[in-house]
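A.B. asks: fold the stuff below for me.
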Amino acid sequence: MKTNKVMNTRLLLLLALTISITSCSKKSDSKGGSKATGWKINDKKGGFQYASKFKKQAIGPGLVLVEGGTFTMGKVQDDVMHDWNNNPNQQHVQSFYMDETEVTNMMYMEYLDWLKRVYPPDQENYKNIYEGASPDTLVWRNRLGYNETMTENYLRHPAYGEYPVVGVNWIQATEFSRWRTDRVNEKILEEQRYLKKDAKVTNAEAGKVFSTQTYLAVPNQAVGGDSEIVLQRGKGRGAVKKSSSGTDGGANAQPTGGNDPKNVYATRSSGLILPDYRLPTEAEWEYAAAADVGQREYNIYKGQKKYPWSGSYTRSGKRQVRGDQLANFKQGKGDYGGIAGWSDDGADITNKVKSYPPNDFGLYDMAGNVAEWVADVYRPIVDDEANDFNYYRGNVYMKNKIGEDGKVELVTAENQKFDTISTGKIIARNFPGELAQAPVDENETYLRQNFDKSDNRNYRDGDKQSSRYFKFGSSEEGDEKGKLNDNQRMYDSPKHNVSVDSLGSMVRKYDKSNKRTTLVNDDVRVYKGGSWRDRAYWLDPAQRRYFPQDIATDYIGFRCAMSRVGPKADKKKSARNKR
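C.D. replies: Sure thing, here's the model as predicted:
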C-alpha cells in the first residue's frame, strides 16, 4: 500500500515536470525564442534580427512565375540540317520568374530618361553613358528598302510605345537588367522606410545613385553616404503600407511596428531585397516557351510541342477566332503579314505586345514578334554530361574589390571604366556608387572541385585543354608550355580590334586573315525564338541561333527573368504532410 502511494507520488511529480517543460517550451516559442539557444530573436534591444515571419518571395513588377521541372532541351520537330546544334538532352530548371512580355520601347525609354537626368551627356565625365545605352536606330535601314519611318520614329514615338524594343545589343540588355534591379529594390526600401521618401526622384544625381549590392555590403556608403537618405529604421517608425508595385511590403517582410530594434539597415535576412533582374538562361527560356505544363502528353519522353501553343499549325482552331494567326512571323517570300483584311497576322514589322494569346505559363510572344537575347555564350553542343541542372554557359565569377585599407572599393567618376565595342560605340562597364569588381583568384578557387577559375565561358569546349592540338606537359615551338597559337585554337574567329588613341580618335583594325574558319567565340550569345523577319521554322522553342553580343539588329529584343528563392511553387501542404 505504501509502495503504491510512493509510485503515485512519483508519477504525479513526473507529470507536473513534463507539463512545466512543455509550458516553458511553448512560452519560449511564443516569444520568438531561438530553437538553437533559447535566446530572443528580433529583440528590440538588439541581438539577432531575422524575418522569421517571412512567407514567400514577392513578385517583382512585370513578372510571372514559371514553375520549374524537367524537359527535353534541344528537341526540334523540323531538324532539316541534322547538325549538332540541336542535340536533345534532358535538363531540369528551378522555378523562376519571367517578364510577361518583351521589354517595350516605353520601358527602355524610362531607362534612357533616368540616365540622361542622372548622368547629363553635356558633362565630360558622363558624355558616353547615355549614348552608350541608346539603341541603334539605324538597324532599320536597308540598301534597297525605304524604312526611314522606323529609323526616325520606332523607338520614341508613342505610337510604338508598347512595341518591343529593338536595336539593343546583348551588353545593353544586360545593363538595363542591372538598372532595373536597383530601381525596384530602391522603391521597396523607400516604401519600407529604409530610404527617404521620394529620394529616388528628388535626389537622383550621379553622386547619389542607389546600388543594391553597395547597400547590402556597406549601407552607410550607399547613395553617396548621405545619412539623410539612407535611414536606419528605429522604434516607432510606423507600419508598412501595401506596396504600390503589387508586392506585400516588398517581400512579405516583418512590419515596422514598435518592436523594431534601433539603428538597423535592411539586409538579406530581412527578406526585403529581391534577387537580380537578368537575362534568362537558354534552358530557362526554352522551358518557359515550350510550356509543357499545360499539356502533360508532351512529356520528357516525347519531347516538346512544335510551338508554344498546342497543335502543329500556326493558326487558331478555336471556333470564334478560327484561322487567326497565333504569332507575328514571315509567312513567305515577300509576305510579312498576309493579304490586307484577310489571312492577316495584324503586323508587317513588330506588333504591340500582348497582341497574340499567351502560352500556358501566361507568357506572351514566346514565338514571333522579336527574337530574344538569352544569357548564354553560344556553343554547338549543350554539354549535358557536365551538368543537367540549371544549365548555363557563360559564368564569369567576380568578387568585390578590396582596397589597401581593407575596405571595399566604390566606383567613382574618376575610376569609372568604359569599353569600346567592335562597332565603335563606347559603353559604360560600371557606374559611380557601385562596388568595384575583380576576378576571383586562388583565395576562392583553391582545392575547390566545382570551379577553378574566374572565366568559365569556354569550359570543356573552346579552352586550350579541349583542343585536339593541345599537348599536356609539352612545349611547342614559339609558345609557352601548353599555349596554343592562333592557328591551333578550336574557335579561331576573326579578331577585330577597336581602340582609342591618345588624341581620342577611333582606331579600327579589321581582321583580314583568310585562315579563320568560324564566327564562334566567347563573345557570341544565343538568341531564341522567331521574329517578324523569320519563317515559321524558327518559331520552335528549341531552335537556337547566335549573334555577336555587341551588335544589334531590328529583329532581336529581350525580356528579363528573376530567380525564385524558397519553395518550388506556392502549393498548399498535402494531406500527408498535415498528418
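A.B. asks: pLDDT weak spots in the stretch 1-150 of the chain?
C.D. replies: 1-32 (pLDDT under 70).
A.B. asks: again, 50 this time
C.D. replies: The stretch 1-150 of the chain contains residues with pLDDT under 50 at 25-30.
A.B. asks: let me see the contact set for the nearest residue to residue 388 once chain neighbours are set aside.
C.D. replies: Nearest non-adjacent residue to residue 388, counting by CB to CB, 6 or more residues apart in numbering: residue 91, 5.4 Å away. (Glycine included, C-beta is placed from N, CA and C.) Applying CB atoms under 8 Å, 6 or more residues apart in numbering to residue 91 gives the contacts 70-73, 283, 287, 382, 384, 388-389, 391.
A.B. asks: TSV please, covering these and showing secondary structure and distance to residue 363.
C.D. replies: Shown next, in TSV, are those (DSSP: H, G, I helix; E, B strand; the rest coil; distance: CB to CB, whole Å):
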residue	secondary structure	distance to residue 363
70	strand	19
71	strand	15
72	strand	19
73	strand	17
283	helix	15
287	helix	11
382	coil	22
384	coil	25
388	coil	24
389	strand	22
391	coil	20
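A.B. asks: counting neighbours, which of those residues comes out on top?
C.D. replies: Highest neighbour count within the contacts of residue 91: residue 287, with 29 neighbours (other CB atoms under 10 Å).
A.B. asks: was I right about that one contacting residue 71?
C.D. replies: Yes. At 5.2 Å, residue 287 counts as touching residue 71 under the criterion of CB atoms under 8 Å.
A.B. asks: any common contacting residues for the two?
C.D. replies: 91, 93.
A.B. asks: secondary structure class of the residue nearest to residue 388, three-state.
C.D. replies: On the three-state scheme (DSSP: H, G, I helix; E, B strand; the rest coil), residue 91 is labelled strand.
A.B. asks: specify the beta-bridge partners of it.
C.D. replies: For residue 91, the beta-bridge assignment (DSSP bridges) gives partners residue 71.
A.B. asks: and it, how close does it get to residue 449?
C.D. replies: For residue 91, the distance to residue 449 (CB to CB, to the nearest Å) stands at 22 Å.
A.B. asks: just the pLDDT at the residue positioned nearest the centre of the chain, thanks.
C.D. replies: By CA atoms, centre = their mean, the chain has its centre lying nearest to residue 278, at 1.5 Å. If you check residue 278, the pLDDT there is 98.
A.B. asks: what's the closest non-adjacent residue to it?
C.D. replies: residue 177 (5.1 Å).
A.B. asks: same thing with residue 63?
C.D. replies: Among residues not flanking residue 63 along the chain, residue 97 sits closest, at 3.9 Å (CB to CB, 6+ apart).
A.B. asks: from memory that neighbour sits against residue 62, does it?
C.D. replies: No. Taking contacts as CB under 8 Å, residue 97 lies outside contact range of residue 62: 9.1 Å.
A.B. asks: which stretches of the stretch 401-550 of the chain form strands?
C.D. replies: 418-420, 426-428, 437-439, 497-500, 506-509, 524-528, 544-548 (DSSP state E, counting those that start in this stretch).
A.B. asks: need the contact partners of the fifth one.
C.D. replies: Applying CB under 8 Å, 6+ apart, the external contacts of strand 506-509 come out as 420, 424, 496-501.
A.B. asks: given that strand, what are its sheet partners and their directions?
C.D. replies: strand 497-500 (antiparallel).
A.B. asks: equivalent analysis for the first one, please.
C.D. replies: Here strand 418-420 has these sheet partners by DSSP bridges: strand 426-428 (antiparallel).
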